[in-house]
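Undergrad: predicted structure and sequence below. I'll ask about it afterward.
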Amino acid sequence: MTQPITKAIVPAAGLGTRLLPATKSQPKEMLPVGRKPAVQHVVEELQTAGLEQILMVTGRRKRSIEDHFDLEPDLVASLEQAGNEALLADLAFLNKGQSRFFYTRQSTPKGLGHAVSLASEFVGNDNCAVALGDSLIAAERPAGLLQSMMEAHVRLGAAAIVAVEEVPIEEAFRYGIVSLADGVNVRSSEPLLLSDIVEKPPVGRAPSNLAVAARYTFSPAIFDALARTSPDRKGEIQLTEAIRILIHQNLPVYAWLLPPGCRRYDVGNFESYFRTFIDFALADERYGYMVRQYIKAKAYEL
Ligand code: G1P
């Protein structure tokens, strides 16, 4: 299987309970981050990385995601008639590349692994990428991360590659945490072979400070592993547990450390959402300067 990866799964079924009331009737993935909904940042990253077929795993009250990526000829025609080039450019994501969108629903909250398992027929016998719909990558070229992971995945015949970032060790209980195989140096420029992975280890028990960072590549073996994964205490099937099965089957599973200048953001709770919004607003090419001036002036009042 040496073909380039062209299929992506975007799990976007999480209930967004930690963001109520903002998420009472709208998906967290549609909360604006700067001038775009969070999930549009994710989709543009995938499109730029060459992922042509994108399956969104949504759920109840998530229909606006589908509407957002729908072509809207009437709107485009009226903007063309008005000669509104700026707004037309802002809608260019609808026609970008050869992307095709697919949707399926996770009707019961059975966890991230279960959401990914719903993509098994879509993926078939191909390799695929997974990008969490509430998590954004910021970098000079955000698509570069997945592109490098996908290239390495094919080159190495990997079963999985997971993006990882270094987090303060006291924060490790919030993430999937990886263990590097003996002798693997975290500063190596090659993918890092793993000997284990654990989802949200108890405080003080994390095997490292390398946290799974919302981007993955997989061979189809992940779907067999997901089928064999037992639910956790909350009744959820964890993607991390299925990756653990791959490792214990002695299949090659690697981590890919986010390169310098590359950062993961998410909109999973208000703290992380506000941080994400502020950083993306500051980086906005049209409004960033104004936001910076405003925050500087405001800082004097604090
Ligand atoms: C999920 C994954 C976890 C990962 C995190 C950030 O957790 O289960 O392994 O570290 O995303 O990508 P969640 O934030 O959905 O609880």
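TA: All right, it came through fine. Since this is a predicted model, take the numbers as computed values, not measurements.

Undergrad: format the CA atom coordinates belonging to stretch 181-193 as CSV.
TA: The C-alpha trace of stretch 181-193 is given here as CSV (Å, rounded to 0.1, in the frame of the first residue of the first chain):
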residue,chain,number,x,y,z
ALA,A,181,10.6,2.7,22.4
ASP,A,182,14.0,2.1,24.1
GLY,A,183,16.8,4.2,22.6
VAL,A,184,14.5,6.5,20.6
ASN,A,185,15.5,10.1,21.0
VAL,A,186,12.7,12.7,21.1
ARG,A,187,14.9,15.1,19.2
SER,A,188,15.3,12.7,16.3
SER,A,189,14.2,14.1,12.9
GLU,A,190,12.6,10.7,12.1
PRO,A,191,9.2,9.5,13.4
LEU,A,192,9.5,8.2,16.9
LEU,A,193,8.8,4.5,17.4
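
Undergrad: buried residues in it?
TA: V184, P191, L192, L193 (16 or more other C-beta atoms under 10 Å). For every residue, glycine as well, the C-beta is placed using N, CA and C.

Undergrad: how about those residues in TSV, adding secondary structure, distance to the ligand and pLDDT?
TA: Shown next, in TSV, are the buried residues of stretch 181-193 (DSSP: H, G, I helix; E, B strand; the rest coil; distance: C-beta to the nearest ligand atom, whole Å; pLDDT from 0 to 100):
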residue	secondary structure	distance to the ligand	pLDDT
V184	coil	19	91
P191	coil	18	95
L192	strand	16	96
L193	strand	19	97
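
Undergrad: which pair in those spans the largest distance?
TA: V184 and P191 (9.4 Å; C-beta to C-beta).

Undergrad: is it possible to export the buried residues of stretch 181-193 to a markdown table including distance to F101?
TA: Output for these, formatted as a markdown table (distance: C-beta to C-beta, whole Å):
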| residue | distance to F101 |
| --- | --- |
| V184 | 38 |
| P191 | 29 |
| L192 | 33 |
| L193 | 35 |
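
Undergrad: now do the same contact list for the closest residue to the ligand within the chain.
TA: Of all residues in the chain, G176 sits closest to the ligand, at 2.6 Å by C-beta to the nearest ligand atom. Residues in contact with G176, defined by C-beta atoms under 8 Å, 6 or more residues apart in numbering, are V162, I197, V198, E199, K200, A211, V212, Q238, L239, T240, I243.
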